[in-house]
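*Asks:* need a 3D model of the following:
(chains A and B)
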Amino acid sequence: MTKPAHIVIVEDDAPLRALLARLLCECGYEATGVSSGVEFSHILAHPGDRPIDLVLLDIMLPDENGLTLCQRIRKTSQVPIIMVSARGQEADRVAGLDIGADDYIPKPFSRPELLARIRAALRRGGESRISPESSAPECYRFEEWRFFPKRRELFAPSGAQVSLTAAEHELLLTLLRHSQQTIGRGRLMELVRSRLPHSHDRSIDVLVSRLRKKLGGARRSLSMIRTVRGVGYVFIAETNVS
Amino acid sequence: MVLPAFLRIPSGMMGRIVMVLAGAILLELLGNLLLHRWQDRELLDSSRAQIIAQQLLNAVHVAEAAAPPDRARLMHSLNMEGLALNWVPSTVIVDHSAAQEQLASMRRWLVQAAPELDGRELRLSLLPAHDGQQRDLVGLMALRDGSFISFRISSYLRAPPPLWFVSLLHVLLLVIVFGLALIMIRNLIRPLRDLAAAADETGRHHVYRIVPAGPLEVRRLARAFDAMQTRLIKAMDDNTQALIVVSHDLRTPIQRMKLRASMLEDTDTGEMIAHDLSEMEDFIDSTLAYVRSGKDEQPRLIDVAAMLITIADEASDRGVNVQYIGPGSFVLHTRPLALTRMVQNLMENARRYAERIEIHLLGEESHYAQIQVEDDGPGIPQAKWAEVVQPFRKLEASQAIRRDGPSAKQGAGLGLAFIQRTLHEQSGSLTLGTSALGGLRASIHIPDSRAAEQ
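*Replies:* I've put the predicted structure just below:
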């Protein structure tokens, strides 16, 4: 049996911190709450027998900005970080993802929302420990398109930003990661399930057709995402990673 | 250099108006004088006057040396171009040089050219020339024995211009003086116009620097206005800031309640509390969006079609019957978050009252986009269109039949007002109409922000 994942909550509001810790414990995680950057640094330096598996980091902290703290963690550790901040601060989101946070969740969030993000981050964290090269690179380029997975931004050849739903983002990232490889529909389904509201058999096909439309109409992008009949899909456009 | 007080340009509005008035009157006067002079122009120049004076002097000597019977004949022999001479024993002609300025100056010229003529009686008068237009100078010079030499200088004054021409010149003069005065008064009140423009801009939440200029009163007004603008903007900013801080701070307690509700054993109550909380969140979001009206975001190049498709797809994943109709790609330079919020707001409104929603995208890439959200709901009566875009205004339940009952989520009544305000910031517009589907058509016109700046 594996040990429960250890999650550190950095949050200056004491009741909320306690609530989060209780909630995570109820869901089978091990949770430690700290109220400031200094306290967190202490835990980071002396993990003891409980290595940190995930950090839930509030941007507004009394002593240190969550963004600088995040930057500091990234210098020494690849532990998954989920930033928490008041909703609507788009700049915070981009800045947080830019300096290495894995995900961003706006306050106030709901319990299932939080748990889904934590599960996804832990899974990605586990993957990246097995194969470090599969952690998302800065930018993918294909046929003059640019995709920045961390900022979740896709730019068309015209330079215009093309918005994607969360599921489309996940699908595009998966396809790009396994560019030139055929991915089975079942596998794709599994990978993007957390982003799909109610998945059924056809939902992956609907998702692919939506993404094709976004990638410049069906005709051009048919050549980018090819259907492998009875198996799945393959991203065949030449892809550069930087 | 410090000028004495009376030479300085008056600093007050009154003083400047007086200055303009006085200047205009003076100019008119001067113009009149010049016109008058020009009407009676002399056709004689000073060298010709010199020759005539010499000839007159000559004639005086000849006449006085000769016996009276010979004098007339001798005088005729001295005639020259433009000057006819005669001798008369007596005369009825009187001197007009006191009344006619040109005659007085002619007298001075003659005396100056031939000083010996000074002291002799000299009678000068004007007579029409033979053409009836120009005028001749007729003069008499007394000899020592009391007889006179008479002389006539032909074409002395030019013909007076016709009346209509003189009138025209006077009108022209008036127009010029009036025009100059107008320009000066325009300059005088320009600072007032600038001030009015600044006042207009203040209403649009722009800071518009007012430079105090112009007359004293206007400068004082400008300074007072500037201070008022500063206070007003500060008060607005303070209120905005307070609202933002309160909205932000509310999120932590809402967060706590949300998590507490999710831990309740009574899941029904928990869900109801969660529903209420998400309604509170919506209030906060719409208030913040209204207050910021998109100003917290930089415009960028985006694919509006992809954005609308994303919004429609996300909504239809949540079970809303919504369809996007428009091009697959549409590039526009604009604020993506503000636009997303606007369209989501319209969709949310439509969803409350209607079954089916369509989003149409029209326009011209890189120039403007026209986004129409149409629904098959009851619509809004035309008389209410102006009212519903006011902030904090909600339609009463009696005016629109709600699809999902009174317990459904209701915004703070800021949705359309937020759109109106955000579009106003970006030179766009919101229009309401009747949809082909039978319900409301809300139409957003938004220009490319690079085009709007120019």
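*Asks:* alpha carbons only for contacts and neighbour counts from here, please
*Replies:* Noted.
*Asks:* mind checking how far the closest residue to B:Leu44 other than its chain neighbours is from A:Gly230?
*Replies:* The spatial neighbour of B:Leu44 that comes closest, neighbours along the chain excluded (CA to CA, 6 or more residues apart in numbering or on different chains), is B:Tyr156 at 6.2 Å. Here the criterion is CA to CA, to the nearest Å. By it, B:Tyr156 lies 119 Å from A:Gly230.
*Asks:* among these two, which residue is more densely surrounded?
*Replies:* B:Tyr156 (24 against 8; other CA atoms under 10 Å in any protein chain shown).
*Asks:* could you give the number of residues near B:Pro162?
*Replies:* By other CA under 10 Å, neighbour count at B:Pro162 equals 9.
*Asks:* again with the one 3 residues further on
*Replies:* Residue crowding around B:Phe165 was assessed by other CA under 10 Å; the count is 10.
*Asks:* what does A:Val208 give?
*Replies:* 19.
*Asks:* now for it: which residues touch it?
*Replies:* A:168, A:171 (CA atoms under 8 Å, 6 or more residues apart in numbering or on different chains).
*Asks:* check which helix or strand it maps to.
*Replies:* For A:Val208, the host element (DSSP states H and E) is helix A:203-214.
*Asks:* what's the answer for B:Leu168, then?
*Replies:* Assessed by DSSP H and E, B:Leu168 sits inside helix B:163-203.
*Asks:* helices or strands next to that helix in the packing?
*Replies:* For helix B:163-203, the elements it packs on are helix B:13-39, helix B:216-263, judged by 3 or more CA pairs under 8 Å, 6 or more residues apart in numbering or on different chains; DSSP states H and E.
*Asks:* my guess is B:Leu432 meets B:Arg441, correct?
*Replies:* Yes: in this structure, B:Leu432 is within contact of B:Arg441 by CA atoms under 8 Å, at 5.7 Å.
*Asks:* now the helix or strand that A:Leu175 is a member of: how far from the chain's centre is it?
*Replies:* If you go by DSSP H and E, A:Leu175 is part of helix A:166-177. How far helix A:166-177 lies from its chain's middle: 11 Å, per CA atoms, centre = their mean, to the nearest Å.
*Asks:* and that helix, what other elements does it pack with?
*Replies:* Partner elements for helix A:166-177 (3+ CA pairs under 8 Å, 6+ apart): helix A:185-192, helix A:203-214, strand A:232-235.
*Asks:* could you list the low-pLDDT ranges of the chain?
*Replies:* Defaulting to chain A. A:1-2, A:87-91, A:126-136, A:192-201, A:217-222 (pLDDT under 70).
*Asks:* hmm, I had chain B in mind actually
*Replies:* Using pLDDT under 70, chain B drops low at B:1-7, B:43, B:202-209, B:294, B:392-414, B:452-454.
*Asks:* near chain A, which residues of it are found?
*Replies:* By the rule CA under 8 Å from any CA of the partner chain, the part of chain B lying against chain A is B:248, B:251-252, B:254-256, B:258-260, B:262-263, B:281, B:300-304, B:306-307, B:310, B:314, B:317-318, B:328-329, B:331-332.
*Asks:* and the residues you listed, which are buried?
*Replies:* B:248, B:251-252, B:254-256, B:258-260, B:262-263, B:281, B:300-304, B:306-307, B:310, B:314, B:328-329, B:331-332 (16 or more other CA atoms under 10 Å in any protein chain shown).
*Asks:* return the list of helices and strands in contact with the longest helix along chain A.
*Replies:* Secondary structure of chain A per DSSP state H: the longest helix is helix A:111-130. For helix A:111-130, the elements it packs on are strand A:54-58, strand A:81-86, strand A:103-107, helix B:216-263, judged by 3+ CA pairs under 8 Å, 6+ apart.
*Asks:* closest to B:Leu34 out of those?
*Replies:* Counting by CA to CA, B:Leu34 lies closest to helix B:216-263 out of the helices and strands packed on helix A:111-130; the figure is 36.6 Å.
*Asks:* so which elements touch that closest one?
*Replies:* helix A:14-26, strand A:103-107, helix A:111-130, helix B:13-39, helix B:163-203, helix B:267-292.
*Asks:* about what we covered before: ok but the residue nearest to B:Leu44 is inside a strand, no?
*Replies:* Yes: B:Tyr156 sits within a strand when classified using DSSP: H, G, I helix; E, B strand; the rest coil.
*Asks:* OK, now which residue of the stretch 101-250 of chain B is nearest to chain A?
*Replies:* Per CA to the nearest CA, B:His248 is where the stretch 101-250 of chain B lies closest to chain A, at 6.6 Å.
*Asks:* now do the same contact list for A:Gly55.
*Replies:* You called it Gly, but residue A:55 is Val. By CA under 8 Å, 6+ apart, the neighbours of A:Val55 are A:7-10, A:79-82.
*Asks:* and which of these is nearest to A:Ser209?
*Replies:* Of the contacts of A:Val55, the one sitting nearest to A:Ser209 (CA to CA) turns out to be A:Ile82, at 30.5 Å.
*Asks:* wait, isn't that closest one in contact with A:Asp103?
*Replies:* Yes: A:Ile82 lies in contact with A:Asp103 (CA under 8 Å); the separation is 4.8 Å.
*Asks:* contact residues of chain A facing chain B?
*Replies:* Counting by CA under 8 Å from any CA, chain A sits next to chain B at A:13, A:15-16, A:19-20, A:23, A:86, A:107-111, A:158-165, A:197, A:213-214, A:216-217.
*Asks:* can we see that at 7 Å?
*Replies:* A:16, A:86, A:107-111, A:159-165, A:197, A:213-214, A:216-217 (CA under 7 Å from any CA of the partner chain).
*Asks:* now the buried members of those residues.
*Replies:* Buried among the residues of chain A next to chain B (16+ other CA under 10 Å): A:16, A:86, A:107-111, A:159-165, A:213-214, A:216-217.
*Asks:* what count of nearby residues applies to A:Ile73?
*Replies:* 20.
*Asks:* what of the one 3 residues further on?
*Replies:* Using other CA under 10 Å, the number of residues around A:Thr76 comes to 9.
*Asks:* measure it to A:Asp63 for me?
*Replies:* 20 Å.
*Asks:* before we move on, what about B:Ile149?
*Replies:* 120 Å.
*Asks:* comparing those two, which residue is more hemmed in?
*Replies:* For B:Ile149 and A:Asp63, the more surrounded residue by other CA under 10 Å is B:Ile149, and the numbers stand at 24 against 11.
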